[in-house]
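S.K.: below is the structure, and that's it, no one-letter string:
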């Protein structure tokens, strides 16, 4: 598998940093006002003007791989019903009955129709209202007008994308720009979905995203796990794709490339390749699979939800493969939950209780700076 651009060039950049003990740097430090993380008005704007207006990758395609598969998940408090219909097309609906608002679907599985538990109004997995008991009580109602509300969506690059505003437009090409070609090269649609876990944390969703945009913290937060033991601290290869970015975190053994002609120059053999897909998604690629880390605000400036899932490059075909993948997922999830998100609530507390007027982001945190600058421009926050 290749990564966008020349493989040897990407690996060579990481090797040079490893040998010189350097990293890609921003032009200067960045001062970020504390209210960027703590102001409830900014949190409201983030949801209304960003998160409900741009395409979000609400589900990996592999999670609804088969005909009539479906998944229900909550996004920004909305219950979404994601289906694949009998013809193979994906849909994203608001999971609320048009009669009294109860939820026709729950969990995940395979179904061609969904029955509301309140009065048994029944919907097809294409959204149409199929039956309503006591039809005489609604004799002037055209059932074609009362299907589930469908959100604008597209399926591409191994994900189902949706805009969380009914009637809005969706333009994934405009949203991704050149980054679409980067995602396409990974062929995520061929991966096998393994599982997910969700939890909440007392930290800003923007602060949580930033934890996956620098390796400065690796030896201090991840010193006892494979991340800290295998990855060079405070070292990265960084590239921007408009609002999105890519980071290569070199592994300790990348220096073998300089002395061993047989050593692989493949980026994934020598570094972790991490993406930020604006606004809320992290993709952490490894030789065996990809972590999908989806972070969103949860009602308050310093509270967020985290959905951590994992897909395998080679779909599991037997119990032994599934058990092996479970060990991998357990390990990477422990690093996220018990290391990153054991530390991050302290950052949330610092934002809530701090009496300093700004945070200082270093030149070595170039990807963090990129995140902040992108959001600040959208939110009208002045930086220094």
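M.R.: Noted; the coordinates are in hand. From a predicted model like this one, the values you see are computed outputs, not experimental measurements.
S.K.: could you use CA atoms for every contact and neighbour count after this?
M.R.: Noted.
S.K.: gap between the residue positioned nearest the centre of the chain and residue 274?
M.R.: Nearest to the mean C-alpha position of the chain, by Cα atoms, centre = their mean, lies residue 281 at 2.4 Å. The gap separating residue 281 from residue 274 is 10 Å, by Cα to Cα, to the nearest Å.
S.K.: give me the mean pLDDT for stretch 34-52.
M.R.: Mean pLDDT, stretch 34-52: 97.
S.K.: kindly apply the preceding question to stretch 376-384 instead.
M.R.: Mean predicted lDDT for stretch 376-384 stands at 94.
S.K.: that one: how far from the chain's middle?
M.R.: Offset of stretch 376-384 from its chain centre (Cα atoms, centre = their mean, to the nearest Å): 23 Å.
S.K.: what do you get for stretch 287-305?
M.R.: 6 Å.
S.K.: and what of stretch 103-114?
M.R.: 24 Å.
S.K.: same check on stretch 268-281?
M.R.: 10 Å.
S.K.: what's next to it, contact-wise?
M.R.: 11, 14, 50-51, 56-57, 209, 212-213, 231, 243-251, 253-254, 264, 267, 282-287, 292-296 (Cα atoms under 8 Å, 6 or more residues apart in numbering).
S.K.: now the strands for the stretch 1-150 of the chain?
M.R.: 30-33, 56-60, 69-75, 78-84, 90-94, 108-110, 113-115, 122-124, 129-131 (DSSP state E, counting those that start in this stretch).
S.K.: need those strands in JSON lines with mean neighbour count and distance to residue 145, can you?
M.R.: Output for the strands of the stretch 1-150 of the chain, formatted as JSON lines (neighbours: other Cα atoms under 10 Å; distance: least, Cα to Cα, whole Å):
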{"stretch": "strand 30-33", "mean neighbour count": "19", "distance to residue 145": "48"}
{"stretch": "strand 56-60", "mean neighbour count": "23", "distance to residue 145": "26"}
{"stretch": "strand 69-75", "mean neighbour count": "19", "distance to residue 145": "23"}
{"stretch": "strand 78-84", "mean neighbour count": "23", "distance to residue 145": "19"}
{"stretch": "strand 90-94", "mean neighbour count": "25", "distance to residue 145": "15"}
{"stretch": "strand 108-110", "mean neighbour count": "15", "distance to residue 145": "25"}
{"stretch": "strand 113-115", "mean neighbour count": "19", "distance to residue 145": "17"}
{"stretch": "strand 122-124", "mean neighbour count": "21", "distance to residue 145": "12"}
{"stretch": "strand 129-131", "mean neighbour count": "18", "distance to residue 145": "8"}
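S.K.: so for residue 318, which of the ones you listed sits nearest?
M.R.: Ranking the strands of the stretch 1-150 of the chain by proximity to residue 318 (Cα to Cα) places strand 108-110 first, at 19.7 Å.
S.K.: show me what the closest one is in contact with.
M.R.: 67-72.
S.K.: likewise stretch 317-336?
M.R.: Contacts for stretch 317-336 (Cα under 8 Å, 6+ apart): 194, 222, 225, 308, 310, 312, 316.
S.K.: how many other residues sit next to the third one?
M.R.: Read that as residue 225. When neighbours are defined as other Cα atoms under 10 Å, residue 225 has 16 of them.
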